[in-house]
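Participant: just coords:
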C-alpha cells in the first residue's frame, strides 16, 4: 500500500485526505482507447454494457463457450456457416452485414467492413468537428451491436426450445 500511495503523500498536515489518497491510487491507471466510444451519454445503458463487452472481446460467443467446454458446437447461431467470433458475429455474418449496411445507408454513410475498434476510430476521426453527430453515430453503433447480440440470443433460445420439443 505504501508503494501505491508513495509513502505518506496522502496525509495533509498529518491528517488523512481522501482526495489526496484517491489521486495517489488513480495516478498510474492506464487509459483505454475505447472509453469514449462506449460511455456515450446518448447511448442507452443496456447498449453500453454490450458495447463495452464487445469492444473488449468479452461477449460469450459460441467460440469462447466451446473453449471452456460449455458447448460442443461453435457455429454461428444466425447463419450456421462459420465459427461464432465477435468479428464474425458483428461484421461477417450475413444477418449482421444486412443490418449494418441498412443502418449505414439510412444514415448516409458509406460502409466498409471493419472490426469494432476500427469502426469506432473511423467514426471519431470522420466527425471531429461535429461532436453531436459523432455521439449519435456511436449510439447507433452501440444499439446495432446490442440488437445483433439480442437476435443471436433469441436464435439460441429458439434452438434450445426446438431441442426440447424433439426430446419430448
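Facilitator: Great, that's in hand. Note that the structure is predicted; figures quoted are calculated from it, not measured.

Participant: what's the pLDDT at the closest residue to residue 156 other than its chain neighbours?
Facilitator: Spatial nearest neighbour of residue 156, excluding adjacent residues (C-beta to C-beta, 6 or more residues apart in numbering): residue 77 at 5.4 Å. Heads up, the C-betas are built off the backbone N, CA and C, glycines and all. Note on residue 77: pLDDT of 88.

Participant: you'd agree residue 77 is up against residue 157?
Facilitator: No. Using C-beta atoms under 8 Å, residue 77 and residue 157 do not qualify as a contacting pair, with a distance of 9.7 Å.

Participant: report the helix or strand with the lowest average pLDDT across this protein.
Facilitator: Every helix and strand of the chain was ranked by mean pLDDT, DSSP states H and E. The lowest is strand 11-12, at a mean of 53.

Participant: helix or strand right after it?
Facilitator: strand 15-16 (DSSP states H and E).

Participant: quick check: mean pLDDT of that next one?
Facilitator: 70.

Participant: which is the next helix or strand following that strand?
Facilitator: Elements were assigned by DSSP H and E; along the chain past strand 15-16, the next helix or strand is helix 18-26.

Participant: name the residue in residue 77 and residue 157 with the higher neighbour count.
Facilitator: More crowded of residue 77 and residue 157, by other C-beta atoms under 10 Å: residue 77, with 21 against 10.
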